[in-house]
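Chemist: here is my input, please return the structure:
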Amino acid sequence: MSQVLVMALSRSCFLQRTAAFTPSSSMIFRRSRLPGQEAAMRTIWKARYGHGSAKQQFPSLIQRRSSLSDTDKNEVEALITEKGNQIRSLKEAGTSKEDLAPHVAELLALKSKLDPEAGKKSAKKANNNKSRKKNKGQKQPAPSSDAEQSEAITPRAEDYSKWYSDIIRAASIAEQSAVRGCMVIKPWGMSIWDSIRVELDGKIKAQGAENCYFPLLIPKSFLSKEAEHVDGFAKECAVVTHHRLTAAPDGGGLIADPEAELEEPLIIRPTSETVIWSTFKKWIVSHRDLPLKVNQWANVMRWEMRTRPFLRTSEFLWQEGHTAHATSDGALADAETMLHEYASLAEEFLAIPVVRGVKSPAERFAGAEETFTIEALMQNGWALQSGTSHFLGQSFGKAFDVKFQDAEGAQREVWGTSWGVSTRLVGALIMTHSDDNGLVLPPKVAPLQVVIVPIQPKKNDLESKAALDKALDNLVVSLKAVGLRVKVDDRDYIRNGAKYYEWERKGVPLRIELGPRDIKNGVCVFKYRTGPAAEKQSVSLDESAAAAVSGLENFQVHLLEAARDRLAAGVDCKDSTYENMRVMLEGDEASGYPGAGLFLVPWKCDAANEERIKEECKATIRCYPLDSNGPGAVNGKKCFYSGEDATHMALFGRAF
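Modeler: Model prediction:
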């Protein structure tokens, strides 16, 4: 018996050492067992490792199902997931079983690389299914894999809120973090924000503002100096009370060191008016120092109980501009100018049409005399406040005693503004343009405007490979020469179908396919993400750069026009009664699609009535639209709620 044990151990060790170098080692191992050897090995196993199975504790000792390395295994698993995704997409598109068959065969072949028995099991399962169908006379739906379920995008019409979350996940834009209410912005999402930031930063600097940076921590006493401001933000503030931690006396982890309590608590920046105006007091002395315009790109913290990525999170990224002026007219003009700059960014760069307006007194920024806003309409009929600009009057100047000496030598108090947009614009971008297949990005903001997918020639066709490489280089050079952002997806471990699927979900506006046959014909294949030109089209390689520029310009225009049509259709301007609006909005939830939309109605400004409407049907005044509130706009009109003479035309609706 001992001799058999020694032989078993020796042979096992030898086979383990050679397995990595012998492609068919598992076959050798199975065929080379000595009589009684496997039973002897089980005896040794139990003596050394107990009664756990070898397959569970050390599978390579008994049997190797695959000779793949860890790297190869990971790549195959990735291919399996991608092929499963592609099959699901084809099924959703109504592809026939006959056309699906080759894709299913590829999936089974991939699975067999990981587990040689998988193909046999799948075939057996298929036969069993056929048998059951024949016996029952009913068609049984095949269960989808976990990967397919996790990668699926919920249709908008089924659940708009879930669709939004699925787009963010499927396009790899962001994910939840370990900190409640905060998110991790992934590289693709950050690239989108970077595009917005670069575009807007140029507009801000063109208005004379300079970038700077102010502290994240603000003394609590600063917020207390402006009464309306502290009331508006008190419930959202995160507070720092200690400057170090220490071990708990009972050994139960870390606690705030009782001896390290701060003399004055510090507020994590919810907005920076207070800390900036305390600095303006040092910077402003004379009328020659005005106007003073600064801007900072930063993060802020406003504690939220119910969060939604990009739309409402406890921490978010933004820019905030702050200006000081010698006159009221100068400050008001600056606030209005930035309103129009934000609207221009939304419409011309992001292809998001907006309503420019003024907030009601109840909806104003805390401490402002006037708040200007741009409101966008999402596909579910809800509004999204997408940027604000505030005329602060002299409130912060007085609170921090900021004065200047005018040309006659008299001391004057300054006038101020503040204005900002945030990563909420990324959420607006997603909900304005995307569809059930994934993210849709306007070309101007897309991190990549063109992705090129080369179709490789046969493995040993070196001549065609050289021709493809040359054509690819020339194509990339020509596209970059006209200012386009381009990527060649030459990953050789992912099939082209999976690449198409990935870039479609990420919203890249234009995909170009190029293979040996195309090169012989002097063409490449264009495929736009959506729109009138979404069907594949052959384009001459010599004209490809010019065609791409023209096509992407048309793509941008198409997205803006489609969104404008939705906005026009989504605003009810037909003198709706309050009862009509209430009935339509009281059951209108974020998950609904397409939703009731917005209502432009005559209104008498009344904060108490505004609050009652909010309680009754959850609608708020999004703004008093500028283009609907000119001279005589409400002459002879009665408030749709109170019946009194109207003071404004108000845009009501549900909002994120």
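Chemist: can you give me the strands in the stretch 551-656 of the chain?
Modeler: 571-572, 598-603, 620-625, 648-653 (DSSP state E, counting those that start in this stretch).
Chemist: partners of the second one in the sheet?
Modeler: Going back to what we said before, that points to strand 598-603. When pairs are called by DSSP bridges, strand 598-603 turns out to pair with strand 571-572 (parallel), strand 648-653 (antiparallel).
Chemist: just the buried positions in stretch 285-298, please.
Modeler: 287, 290-296, 298 (16 or more other CB atoms under 10 Å). For the C-beta atoms, the positions are set from N, CA and C on the backbone; glycine is no exception.
Chemist: compute the first-to-last residue distance for it.
Modeler: Length of stretch 285-298, first residue to last, CA to CA, to the nearest Å: 27 Å.
Chemist: report the rounded mean pLDDT for it.
Modeler: Averaging pLDDT along stretch 285-298 gives 98.
Chemist: over to stretch 198-216?
Modeler: Mean pLDDT, stretch 198-216: 98.
Chemist: what does stretch 457-476 give?
Modeler: Mean pLDDT, computed over stretch 457-476, is 95.
Chemist: got the CA coordinates for that stretch in CSV?
Modeler: Provided in CSV are the C-alpha atoms of stretch 457-476 (Å, rounded to 0.1, in the frame of the first residue of the first chain):
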residue,chain,number,x,y,z
PRO,A,457,-8.2,40.1,-42.4
LYS,A,458,-7.5,36.4,-42.1
LYS,A,459,-4.7,35.5,-39.8
ASN,A,460,-2.0,34.8,-42.4
ASP,A,461,-3.0,37.5,-44.9
LEU,A,462,0.0,39.8,-44.2
GLU,A,463,-0.6,41.9,-47.3
SER,A,464,-4.2,42.8,-46.3
LYS,A,465,-3.0,43.4,-42.7
ALA,A,466,-0.4,45.9,-43.9
ALA,A,467,-3.0,47.6,-46.2
LEU,A,468,-5.4,47.8,-43.3
ASP,A,469,-2.9,49.4,-40.9
LYS,A,470,-1.9,52.0,-43.5
ALA,A,471,-5.6,52.9,-44.3
LEU,A,472,-6.3,53.1,-40.5
ASP,A,473,-3.4,55.5,-40.0
ASN,A,474,-4.4,57.7,-42.9
LEU,A,475,-8.1,57.7,-41.7
VAL,A,476,-7.1,58.7,-38.1
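Chemist: make CSV out of the strands of the stretch 551-656 of the chain and add mean neighbour count, distance to Lys470 and mean pLDDT.
Modeler: Converted to CSV, the strands of the stretch 551-656 of the chain look like this (neighbours: other CB atoms under 10 Å; distance: least, CB to CB, whole Å; pLDDT from 0 to 100):
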stretch, mean neighbour count, distance to Lys470, mean pLDDT
strand 571-572, 19, 54, 94
strand 598-603, 24, 55, 97
strand 620-625, 24, 56, 98
strand 648-653, 25, 56, 98
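Chemist: out of these, which comes closest to Leu479?
Modeler: Leu479 lies closest to strand 571-572 among these, at 39.6 Å (CB to CB).
Chemist: quick one: closest of the strands paired with strand 598-603 to Asp329.
Modeler: Nearest of the strands paired with strand 598-603 (CB to CB): strand 648-653, 22.8 Å.
Chemist: where does Glu513 sit: helix, strand or coil?
Modeler: The local conformation at Glu513, judged by DSSP: H, G, I helix; E, B strand; the rest coil, is strand.
Chemist: which secondary element of the chain has the worst mean pLDDT?
Modeler: Here the helix or strand of the chain ranked lowest by mean pLDDT, DSSP states H and E is helix 25-31, holding a mean of 35.
Chemist: residue contacts, Gly232?
Modeler: 365-367 (CB atoms under 8 Å, 6 or more residues apart in numbering).
Chemist: please redo it, this time with the cut-off set to 10 Å
Modeler: The contact partners of Gly232, by CB atoms under 10 Å, 6 or more residues apart in numbering, come to 223, 226, 270-271, 364-368.
Chemist: for it, what are phi and psi?
Modeler: Backbone torsions of Gly232, given as degrees, to the nearest 10, read phi -70, psi -30.
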